[in-house]
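*Asks:* Requesting a structural model of the entry that follows:
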Amino acid sequence: MTRQRIRIRFSKLGRLKFIGHKDLLRTLEALFRRARLPLAMSNGFHPKVKMSFPSALALGFESIDEVLELEMNESAEPLDMEVLLDHLNRQSLEGLSFLSAQLLNEGEKKGSLASSVFQMNVPLEWRKQTAEHIVSFLAETSRIVSRANRKPVDVRSAVTRMVLDETGELTVELQTQTGPEAGIKEVLRALELEQELFTTLFPKRIRCRLVDEVDRI
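*Replies:* All right, here's what the predicted structure looks like:
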């Protein structure tokens, strides 16, 4: 029999932004067990649930569009996606909502992140300066900044979209790169806003765009 592979989109909000990726894994595994899902497990002395994430969300960030892929064991009966979603949300906890579930085709590759879209509201006193920095940033072909580990990374090549609207909402789309990757922290460093992170700026991931979704456009 063929194992069912399911792509699930979910949101992680509120107090859950304070748990890291490993804690999220443990939380989800406990939730799936409570929901009595027929999970596929890895081999070895310490079997783990077969689930994967195209992109792990950093500690301190909320998201309304996270992606995980979950594998069922070979003997599992076919699952109804609407029933699965309802069952998961009934078992879930505050801040964690399951939004959609898609049964993947046999042989379909694991989801790979093409880009992430972040949004945040820039306080009024920072908007004029930020708008000026954005104009300068977008006019460049390269902007090198240092990551936390001091490795240089080209932030400009990662940014495919950067817009500050009249309400102060800043939207940034970052494409996945090979080698050292620029994240939203590096973007804020380039805009001289890093010191405002988690003080007046609270970025939220609003979209995980996968490679196979981009290919279908």
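*Asks:* which one is Glu213 nearest to, not counting chain neighbours?
*Replies:* Ala114 (7.2 Å; C-beta to C-beta, 6 or more residues apart in numbering). For every residue, glycine as well, the C-beta is placed using N, CA and C.
*Asks:* One more: Arg147?
*Replies:* Using C-beta to C-beta, 6+ apart and skipping residues adjacent in sequence, the residue nearest Arg147 is Val153, 5.5 Å away.
*Asks:* What is the end-to-end distance of stretch 143-160?
*Replies:* 13 Å (C-alpha to C-alpha, to the nearest Å).
*Asks:* Adjust the sequence numbering to begin at 556 for everything that follows.
*Replies:* Done: numbering now begins at 556, and the last item shifts to stretch 698-715.
*Asks:* shouldn't Ile689 be in contact with Ala745?
*Replies:* No - under the criterion of C-beta atoms under 8 Å, Ile689 is not in contact with Ala745, lying 9.8 Å apart.
*Asks:* out of those two, which sits in the more crowded spot?
*Replies:* Ala745 (22 against 18; other C-beta atoms under 10 Å).
*Asks:* ok, that one - contacts?
*Replies:* His688, Phe692, Arg698, Val700, Val710, Arg711 (C-beta atoms under 8 Å, 6 or more residues apart in numbering).
*Asks:* mind listing what the fifth one touches?
*Replies:* Yep, that's Val710 we're talking about. Neighbour list for Val710: Arg698, Ile699, Val700, Ala737, Glu741, Val742, Arg744, Ala745 [criterion: C-beta under 8 Å, 6+ apart].
*Asks:* Hmm, the fourth one is touching Pro707, no?
*Replies:* No - under the criterion of C-beta under 8 Å, Ala737 lies out of contact with Pro707, with a separation of 10.1 Å.
*Asks:* ok, those two, which is more surrounded?
*Replies:* Each of Ala737 and Pro707 has its neighbours counted (other C-beta under 10 Å); Ala737 has more, 23 against 10.
*Asks:* For the more buried one, give me the backbone phi and psi.
*Replies:* phi -90, psi 130 (degrees, to the nearest 10).
*Asks:* measure it to Leu651 for me?
*Replies:* Ala737 sits 28 Å away from Leu651 when distances are taken as C-beta to C-beta, to the nearest Å.
*Asks:* and Phe565, how many neighbours?
*Replies:* Neighbours of Phe565 (other C-beta under 10 Å): 21.
*Asks:* Excluding chain neighbours, give the residue nearest to it in space.
*Replies:* Per C-beta to C-beta, 6+ apart, closest to Phe565 is Phe653, 4.9 Å.
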